[in-house]
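Participant: Only the shape, not the letters, is given here:
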């Protein structure tokens, strides 16, 4: 239904373009001709030797390369130091339904330790975004809609995307990975607009099953995921007068996924949805020839439904995305440029869910909808969670002593809050009898049928934490003959950990003979404070209440609830630790080659003081049930985490006529003593200690063996990327073909078997091979109608063009056997 409606809108736009041809003189033809004549853009631009780690992707490049779902982060796969989740190829219902931006690791950093910004507004989650999927979606006290990039926008609202993977200016901080800057479109001086629609579904997708998994299924393929995705976006530029310009944009993407109940719950189909909405309003006012006032608001809420297949009335709605705003004054004073800005961001990551949770005996008359021993109904109630960032920014750039001086200062206030607004209960352990009599208002009792006798009490709570941050930088860049030097110093302070961080930055460029440009950089980057553990440390304890039944006048009556058990939640303490940092050395050599530009770049990083689970403190509390003293553990954060990254890349790109070609490849090695799945993971040395295992015919320490491993995910040792864009027949047809090869690698893992040596039983560890993978993608845009009112294009976007089997870290299972093969997005766009 959504597909039909969306395509009808597109065809209507095309028809409008044809029908109003006779009024063509009312619109400026030049805007149409400029659009058609624009040459294809390079996959990315990386031309500044001082900023040797900076790559910029233009609006035209994004239009040509972004996949149908509109996730601009996916376009970063063309970059040599960008690594993505190796499980992206899984075709589970949850992964297909998910509309959040892809996670990305840059230059060996953790995917949650990049710095994301939208028009200079930081959109970085300081809450837990690691374990959000799978069974954790049904957690009584955790949510699943957040993302490392807490707020995101669709491609049609974006002007450019800039990535800084190394040699980063002192203007940027709060990361040990990389910087990802999204710049939204600026209001135009000319009236115009766009409308785009696109759809895909399971009939336009090829689903693959690994041969081993298919054999376990007896050669019988189960039903593949059934889904439909559609999106619609629109923008309009409104020049009010010569001094005032307005841009408005809005869009929505929706996924409808079919799930099936467990056999014991009837096995019937039910649908769940995910929805991402974007709205942007920007205004520019020329107050004077050298003074501009800019204001903007972007609203991009995200919701995603989930439910267990072995429950009813249990649909949760996870929340993500949020609101950003900015007010900026930009001006000039003599030769200086300055800006003052106030920024705001609020990201929601809570959930809505029914309550309470019941576990009814299937022997009761009420639970006739389930044949399991116990039948689950309801869920765990609402959780409100959000992060609010308020910031002030000041920038000053001016010529100074033959060079350029750049100064800046920022103040920020961050507040995170998580609440369970109402008490909630999980009832279980029922007694079934026709003699049951219920007291009015007893939700855990069904008259003449069943009464539940145990209740886990989930207490309402309000957990809050906040911090203030101050940062400042000074940077000076000067050129003398063939030598250019950029030196800077950045200062950061955040009140939660109360550390003072000084990060020096240096980039030196020298023009060598034969048109060779050499760059050397030495830099330090500091991360930012994490608030998730401070929230978790405020969770209330757990109480379990019980009641019994008695016979009164021949009827079975439940007594009063009494406290049965009382435990205090283990906490996490985070004071007195250092701020994680990364030291970097980098070099680059660039030279014109074969009509294009070639570059060799190396990056070496050593990250230290990364957060780990540290010292465990035993605390005491008085148990309410008996007045006796019991203990619980508090784990203090430690700084034992370490990561080592080495990378070497080669790049070449050029344009010729109506074509652009980009090629690059990288080799890298990422080693750490942490897990990808936890913020407060104990270091390998702490977790495994002196544990012994059996490896390659001998008994060895586990820490010594796994030290030979590199990081399992987000760390492919070899990457080769290729991209070719072309315009045909004067731009009537635009094509893009891109490919990415990800190398295979070996990993030492527990095989799940054992070897006895001298009477002692040891777990056997050995080398497991993960295969390489090559993926081709293609986009085609064809002009189908053009008038003085605008142009209409048909868009086709193909992922995994050659229909290859994705290689994933997580093995396929018989319950979730499928991986994503070739898939199509079909849509139309209209510009005027």
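Facilitator: Sure thing, it's come through. The model shown is predicted, which means the values in this text are computed figures rather than measured ones. Residues are numbered from 1 along each chain as shown.
Participant: Beta-bridge partners for the closest residue to residue 232 other than its chain neighbours, please?
Facilitator: Excluding the flanking residues, the one nearest residue 232 by Cβ to Cβ, 6 or more residues apart in numbering is residue 197, at 4.7 Å. Just so you know, the C-beta spots here come from the backbone N, C-alpha and C atoms, and that holds for glycine as well. Judged by DSSP bridges, the bridge partners of residue 197 are residue 232, residue 828.
Participant: Test my guess that residue 197 contacts residue 826.
Facilitator: No. Residue 197 lies out of contact with residue 826 (Cβ atoms under 8 Å); the separation is 9.4 Å.
Participant: So for those two, which residue has more residues nearby?
Facilitator: Neighbour totals were compared for residue 197 and residue 826, and residue 197 leads with 26 against 20 (other Cβ atoms under 10 Å).
Participant: got a list of what residue 668 touches?
Facilitator: 81, 108, 645-648, 715-719 (Cβ atoms under 8 Å, 6 or more residues apart in numbering).
Participant: Is residue 60 in a helix, a strand, or coil?
Facilitator: helix (DSSP: H, G, I helix; E, B strand; the rest coil).
Participant: What is the burial count for the closest residue to it other than its chain neighbours?
Facilitator: In space, and not counting its chain neighbours, residue 60 is closest to residue 41: 3.9 Å by Cβ to Cβ, 6+ apart. Residues lying near residue 41 (other Cβ under 10 Å) number 20.
Participant: Looking at residue 41 now. What's its pLDDT?
Facilitator: For residue 41, the pLDDT comes out at 91.
Participant: List the contacts of it.
Facilitator: With Cβ under 8 Å, 6+ apart, residue 41 has these contacts: 58, 60-61, 64, 660, 725.
Participant: Using a markdown table, please lay out the residues you listed together with neighbour count, pLDDT and distance to residue 216.
Facilitator: Formatted as a markdown table, these follow (neighbours: other Cβ atoms under 10 Å; pLDDT from 0 to 100; distance: Cβ to Cβ, whole Å):
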| residue | neighbour count | pLDDT | distance to residue 216 |
| --- | --- | --- | --- |
| 58 | 16 | 96 | 47 |
| 60 | 17 | 95 | 47 |
| 61 | 25 | 96 | 43 |
| 64 | 24 | 95 | 41 |
| 660 | 23 | 97 | 46 |
| 725 | 25 | 97 | 43 |
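Participant: I'd like to know which of those is nearest to residue 799.
Facilitator: residue 64 (14.6 Å; Cβ to Cβ).
Participant: OK, contacts around the closest residue to that closest one other than its chain neighbours?
Facilitator: In space, and not counting its chain neighbours, residue 64 is closest to residue 736: 4.5 Å by Cβ to Cβ, 6+ apart. If a contact means Cβ under 8 Å, 6+ apart, then residue 736 has 40, 64-65, 723-726, 778-780 as its contacts.
Participant: Which ChimeraX command selects the buried ones in those residues?
Facilitator: In ChimeraX, this line selects whichever of those come out buried by 16 or more other Cβ atoms under 10 Å:
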select :40,64,65,723,724,725,726,778,779,780
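Participant: now the farthest one out in the protein, which residue is it?
Facilitator: Computed with Cα atoms, centre = their mean, the residue of the chain farthest from its C-alpha average is residue 553, at 61.3 Å.
Participant: Would you check how far apart it and residue 283 are?
Facilitator: The gap separating residue 553 from residue 283 is 75 Å, by Cβ to Cβ, to the nearest Å.
Participant: do residue 142 as well
Facilitator: Distance from residue 142 to residue 283, by Cβ to Cβ: 39 Å.
Participant: do the same with residue 169
Facilitator: Going from residue 169 to residue 283 by Cβ to Cβ gives 29 Å.
Participant: Neighbour count for these two, which is higher?
Facilitator: Between residue 169 and residue 283, residue 169 has the larger neighbour count (other Cβ under 10 Å), namely 22 against 17.
Participant: quick one: the helices in the protein?
Facilitator: 2-19, 29-37, 59-65, 93-97, 211-216, 532-536, 684-688, 702-706 (DSSP state H).
Participant: Would you single out the least confident of those helices?
Facilitator: Ranked by mean pLDDT, the helices of the chain bottom out at helix 29-37, with a mean of 39.
Participant: Any idea how many residues pack against residue 503?
Facilitator: Using other Cβ under 10 Å, residue 503 has 22 neighbouring residues.
Participant: I'd say it and residue 171 touch.
Facilitator: No. The pair residue 503 and residue 171 does not pass the contact test of Cβ under 8 Å, sitting 11.3 Å apart.
Participant: what do those two both touch?
Facilitator: residue 490.
Participant: Identify the bridge partners of residue 284.
Facilitator: Beta-bridge partners recorded for residue 284 (DSSP bridges): residue 245, residue 294.
Participant: In terms of pLDDT, where does residue 580 sit?
Facilitator: pLDDT, residue 580: 95.
Participant: what's the neighbour count on it?
Facilitator: So residue 580, with other Cβ under 10 Å, has 24 neighbours.
Participant: And it, how close does it get to residue 528?
Facilitator: For residue 580 relative to residue 528 (Cβ to Cβ), the value is 9 Å.
Participant: Equivalent analysis for residue 377, please.
Facilitator: 42 Å.
Participant: Next: residue 248.
Facilitator: Where residue 528 is concerned, residue 248 sits at a distance of 33 Å (Cβ to Cβ).
Participant: again with residue 166
Facilitator: Taking Cβ to Cβ, one finds residue 166 at 19 Å from residue 528.
Participant: Pull out the buried positions in stretch 146-166.
Facilitator: Across stretch 146-166, burial judged by 16+ other Cβ under 10 Å covers 146-158, 160-166.
Participant: where does the protein dip in pLDDT?
Facilitator: 1-38, 131-136, 569-575, 614-621, 623-625, 630-635, 675-689 (pLDDT under 70).
Participant: mind listing what residue 556 touches?
Facilitator: Neighbouring residues of residue 556 by Cβ under 8 Å, 6+ apart: 431, 433, 435-437, 451, 549-550.
Participant: Return the distance of the closest residue in space to residue 557 that isn't next to it in sequence relative to residue 828.
Facilitator: Nearest non-adjacent residue to residue 557, counting by Cβ to Cβ, 6+ apart: residue 437, 5.4 Å away. Counting by Cβ to Cβ, the gap from residue 437 to residue 828 is 64 Å.
Participant: So which of the two has more stuff around it?
Facilitator: Each of residue 437 and residue 828 has its neighbours counted (other Cβ under 10 Å); residue 828 has more, 23 against 18.
Participant: Hmm, residue 791 and the more buried one touching each other?
Facilitator: No. Residue 828 is not in contact with residue 791 according to Cβ under 8 Å; the separation is 10.9 Å.
Participant: Count residues in the vicinity of residue 241, would you?
Facilitator: Counted with other Cβ under 10 Å, residues neighbouring residue 241 total 8.
Participant: One more: residue 813?
Facilitator: For residue 813, the count of nearby residues is 10 (other Cβ under 10 Å).
Participant: got it, and residue 370?
Facilitator: 22.
Participant: got a list of what it touches?
Facilitator: If you count contacts by Cβ under 8 Å, 6+ apart, then residue 370 has 264-266, 312, 360, 362, 376 around it.
Participant: and which of the residues you listed is nearest residue 103?
Facilitator: Closest to residue 103, out of all of the contacts of residue 370 and judged by Cβ to Cβ, is residue 376, at 31.3 Å.
Participant: is the closest one in a bridge, and if so with what?
Facilitator: residue 359.
Participant: Kindly confirm whether my reading is correct that it touches residue 314.
Facilitator: Yes. The criterion here is Cβ under 8 Å, and residue 376 meets it with residue 314 at 6.9 Å.
Participant: Looking at residue 377 and residue 528 now, which is surrounded by more residues?
Facilitator: residue 528 (25 against 19).
Participant: I'd like to know how far the more buried one sits from residue 185.
Facilitator: 28 Å.
Participant: How about residue 407?
Facilitator: 29 Å.
Participant: could you check the distance from the nearest residue to residue 196 once chain neighbours are set aside over to residue 491?
Facilitator: Excluding the flanking residues, the one nearest residue 196 by Cβ to Cβ, 6+ apart is residue 829, at 4.2 Å. The gap separating residue 829 from residue 491 is 46 Å, by Cβ to Cβ.
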